[in-house]
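Enquirer: sequence unavailable; structure follows:
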Ligand code: ME8
């Protein structure tokens, strides 16, 4: 089997590494780990894009030689990846000698196929995006970032991009999974259909670039140079073993990019490769942007967020989990400190953390830290049978979601499984069984704790790609001596937890965070200076625009105090049983535009509640949120589903937009409101 080869963008060194860069690299790292557990050999290439006008200018501004400048920032990227525990197989630098050889090699291949010619370029250029904007010289703003462009006039070498218009369209047509997600694919197709102009692939006045072989005074256009990193990163053009490695890795299975650089990857890059007679990558996925908290962004335009303080606050796994769980991959998403802490506390500390610590503590206490024998009863009771069935389903469906880039949905499924297990423990009450002397209770206790430990084993393997450090800890606590990364999804079938295996020291994997203090700490120190990255810059603009919108109109619908005859007594009020609840899952209902189906933990039980909030809340933002539930409302059916209660919301503005009522400090599920 060929090595599974994936890449992140090769990041510009005019900006220090920030959360946006970390995001793509974290996703790439998670996919790489996931593929390894699936039995693949994996190559992951990341690196730094170190040539071009904007780097040259940044070095000049900093008052240092370009090489020194790029050495410093490239090293920062590497140490940031190390700090974030990100594993890659190769870090490519475009100023390396072997990369230069690769650029020369692909250029010669393109030239040999007759697609290079000398011409005169007069047009606008965006130095921020290193993009030729138009050759009419009329357009003042860059269509990619909106910044002013500069007029460029020089003798250049051109790539006959226009010759690839139809071959590209044919290729997109034949390979529907080449550009993902679908909406981005459609954008690219329309762009190409509008017509492609030939592309200047050299620059005359620029010094800081790779010289074009055989041509005096021209360096390569930075995108021609940078995209080639995907080849040089796996040996293309390297002497010795390079070609062998290249043959094993190329074509790339996946290029992960932010949406603003999709055009370079989905149009120019495949055209260069076609011209060089090299196979095309199998897929390019363009993800959305992280939009940072509005107040942070609007204070001084250009502030961006570093991953370091986030990792200090919630750990590497806390950050990875939040990014993979909260963001629907492919869409833009607002990053918020409150959301980060909320996810950590509700999903990691509460749901997963509690399940692990309860199970392991009870095995320690009642079975002297040795995995109990479930006995034949394990398959006899319907409760265990349901858990075993759910485990099998979760394993299959999680992988299908992950294969389809639906990371957030995949994690939602695992958390549903975790919730079932917590419910199973509450219902089977092993702590009560432990207090009984009879043989049947003892056997039952062994069954329950085996079942939940085995379910934890499966959960640990499934979640390893997303939260590797924590799951390795859990793995050791379950008593496995071998590293978790050696496991394979193929070995996940139920019942493989070795009986009598000695469990390790049970310690808390995710210590609960103090929400207010953590948010305050984060707000005090995450900005790292100017946003020079395109996406981060855009994110800033969006946030600023939103903040600048007029304040909301005066609200209608706030009524005068009622007449005395309208008053209710305290006894009337006390008939309403209001409870604090935690939303465990939220999903859309097919065919219903307004309704969401929620499951809400109200302490003693988990209720299914239907709420008319689908137009105002994303299901994934609701999970973990504490809400107020009317617990004694008569159940009623809507769209064939039973609603066992109601969540309380304020009705805001003229349209009566629902805003869910929540708490400003943590309260246990089931607390009564009075
Ligand atoms: O474009 N949200 O490099 P770059 C999400 N050198 N992702 C973000 C982000 C944000 N706010 N900000 C940055 C370049 N990114 C070229 C690439 S490839 C041959 C050459 C991520 O340093 C995202 O992956 O500007 C985006 O595509 C990339 O950083 C841009 O990095």
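Expert: Right, received. Where do you want to start? Quick caveat, the model's predicted, so the values are computed rather than measured.
Enquirer: let me see the ranges of the strands in the stretch 251-400 of the chain.
Expert: 254-258, 284-287, 290-291, 303-305, 333-334 (DSSP state E, counting those that start in this stretch).
Enquirer: and the helix ranked longest in the chain, what's its mean pLDDT?
Expert: If you go by DSSP state H, the chain has its longest helix at helix 439-463. For helix 439-463, mean pLDDT is 96.
Enquirer: how far off centre is it?
Expert: The chain centre lies 31 Å from the centre of helix 439-463; the measure is CA atoms, centre = their mean, to the nearest Å.
Enquirer: related to what we said a few turns ago, among the strands of the stretch 251-400 of the chain, which is nearest the ligand?
Expert: The ligand sits nearest to strand 254-258 of all those, at 2.5 Å, using CB to the nearest ligand atom. In this view, the C-beta of every residue, glycine as well, is placed from N, C-alpha and C.
Enquirer: now the nearest residue to residue 454 once chain neighbours are set aside: phi and psi?
Expert: In this structure, residue 454 finds its nearest non-sequential neighbour in residue 497, 4.5 Å apart by CB to CB, 6 or more residues apart in numbering. With angles defined as degrees, to the nearest 10, residue 497 sits at phi -80, psi 120.
Enquirer: burial of residue 497, as a residue count?
Expert: Counted by other CB atoms under 10 Å, the residues lying close to residue 497 total 19.
Enquirer: ditto for residue 490
Expert: For residue 490, the neighbour count with other CB under 10 Å is 9.
Enquirer: and if you look at residue 193?
Expert: 11.
Enquirer: show me the contacts for it.
Expert: Each residue near residue 193 by CB atoms under 8 Å, 6 or more residues apart in numbering is listed here: residue 169.
Enquirer: buried ones in the longest helix of the chain?
Expert: Buried residues in helix 439-463, counted by 16 or more other CB atoms under 10 Å: 442-463.
Enquirer: wait, doesn't residue 511 sit right on residue 349?
Expert: Yes: here residue 511 reaches residue 349: they are 6.9 Å apart, a contact under CB atoms under 8 Å.
Enquirer: of these two, who's got more company?
Expert: A count of neighbours by other CB under 10 Å puts residue 349 above the other of residue 511 and residue 349, at 19 against 11.
Enquirer: and residue 128, helix, strand or coil?
Expert: With DSSP: H, G, I helix; E, B strand; the rest coil as the basis, the three-state label of residue 128 is coil.
Enquirer: what separation do you get for it and residue 513?
Expert: Using CB to CB, to the nearest Å, residue 128 is found at 38 Å from residue 513.
Enquirer: one more: residue 12?
Expert: Distance from residue 12 to residue 513, by CB to CB: 34 Å.
Enquirer: same question for residue 431.
Expert: Residue 431 sits at a distance of 27 Å from residue 513 (criterion: CB to CB).
Enquirer: neighbour count: those two, which is higher?
Expert: Comparing residue 431 with residue 513 by other CB under 10 Å, the one with more neighbours is residue 513, at 21 against 13.
Enquirer: please, which helix or strand holds residue 600?
Expert: Under the criterion of DSSP states H and E, residue 600 resides in strand 596-601.
Enquirer: Provide the contact partners of that strand at residue level.
Expert: Outside of strand 596-601, the residues within contact range by CB under 8 Å, 6+ apart are 419, 581-589, 606-611, 613-614, 617, 619, 622, 627, 629, 641, 645, 647, 669.
Enquirer: ok, the residue positioned nearest the centre of the chain - contacts?
Expert: Note on the chain: the residue nearest the mean C-alpha position is residue 324, at 3.4 Å, using CA atoms, centre = their mean. By CB under 8 Å, 6+ apart, the residues touching residue 324 are 26-27, 30, 407-408, 411, 466.
Enquirer: picking up where we left off before, of the contacts of strand 596-601, buried ones?
Expert: 419, 581-587, 589, 606-607, 609-611, 613-614, 617, 619, 622, 627, 629, 645, 647, 669.
Enquirer: for the residue nearest to residue 474 when sequence neighbours are not counted, what are its contacts?
Expert: Once flanking residues are discounted, residue 474 sits nearest to residue 460: 4.8 Å by CB to CB, 6+ apart. Contact partners of residue 460, counting by CB under 8 Å, 6+ apart, are 471, 474-475, 478, 484.
Enquirer: that's a helix at residue 31, yeah?
Expert: Yes: counting by three-state DSSP, residue 31 is found in a helix.
Enquirer: doesn't residue 6 make contact with it?
Expert: Yes: contact criterion CB under 8 Å: residue 31 and residue 6 qualify, at 6.0 Å.
Enquirer: ok, these two, which is more surrounded?
Expert: Remark: of residue 31 and residue 6, residue 6 carries more neighbours, 28 against 23, as counted by other CB under 10 Å.
Enquirer: and the helix or strand containing that one with the ligand, contact?
Expert: Using DSSP H and E, residue 6 sits within strand 4-12. Yes: interface with the ligand: strand 4-12 contributes 9-12 (CB under 6 Å from any ligand atom).
Enquirer: quick check: residue 47 is in a helix.
Expert: No: assessed with three-state DSSP, residue 47 is strand; it does not lie in a helix.
Enquirer: look up the closest residue to it, ignoring the ones flanking it.
Expert: Going by CB to CB, 6+ apart, residue 47 has residue 92 as its nearest residue, at 3.4 Å.
Enquirer: give me the sheet partners of the one helix or strand that neighbour maps to and which way each runs.
Expert: According to DSSP H and E, residue 92 maps onto strand 90-93. Strand 90-93 has these partner strands in its sheet, going by DSSP bridges: strand 42-49 (parallel).
Enquirer: what helices or strands is the strand holding residue 6 leaning on?
Expert: helix 19-37, strand 42-49, helix 229-232, strand 254-258 (3 or more CB pairs under 8 Å, 6 or more residues apart in numbering; DSSP states H and E).
Enquirer: out of the ones you listed, deepest packed?
Expert: Comparing the helices and strands packed on strand 4-12 by mean neighbour count (mean count of other CB atoms under 10 Å), helix 229-232 comes out on top with a mean of 27.
Enquirer: tell me the helix or strand right after it.
Expert: Next helix or strand after helix 229-232 toward the C-terminus (DSSP H and E): helix 242-249.
Enquirer: and the angle for that following helix with strand 4-12?
Expert: 110 degrees (axes from the mean of the first three to the mean of the last three CA atoms, to 10 degrees).
Enquirer: in helix 242-249, what's buried?
Expert: By neighbour count on 16+ other CB under 10 Å, the buried set for helix 242-249 is 242, 245-246, 249.
Enquirer: quick one: contacts of it?
Expert: Defining contact as CB under 8 Å, 6+ apart, one finds that helix 242-249 is touched by 2-3, 5, 43, 98, 231, 234-236, 238.
Enquirer: of the residues you listed, grab the buried ones for PyMOL.
Expert: Provided next is the PyMOL selection string for whichever of these are buried by 16+ other CB under 10 Å:
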select buried, resi 3+5+43+98+231+234+235+236+238
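Enquirer: now the contacts of helix 242-249 in a markdown table, with pLDDT?
Expert: Supplementary listing: the contacts of helix 242-249 in a markdown table, determined by pLDDT from 0 to 100:
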| residue | pLDDT |
| --- | --- |
| 2 | 95 |
| 3 | 98 |
| 5 | 98 |
| 43 | 98 |
| 98 | 94 |
| 231 | 98 |
| 234 | 97 |
| 235 | 96 |
| 236 | 96 |
| 238 | 88 |
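Enquirer: where in this protein is the helix or strand with the lowest mean pLDDT?
Expert: Lowest by mean pLDDT, DSSP states H and E among the helices and strands of the chain is helix 534-548, with a mean of 31.
Enquirer: so after that one, what's the next helix or strand?
Expert: Next in sequence after helix 534-548, counting helices and strands by DSSP H and E, comes helix 570-574.
Enquirer: what comes into contact with that following helix?
Expert: With CB under 8 Å, 6+ apart as the criterion, helix 570-574 contacts residue 674.
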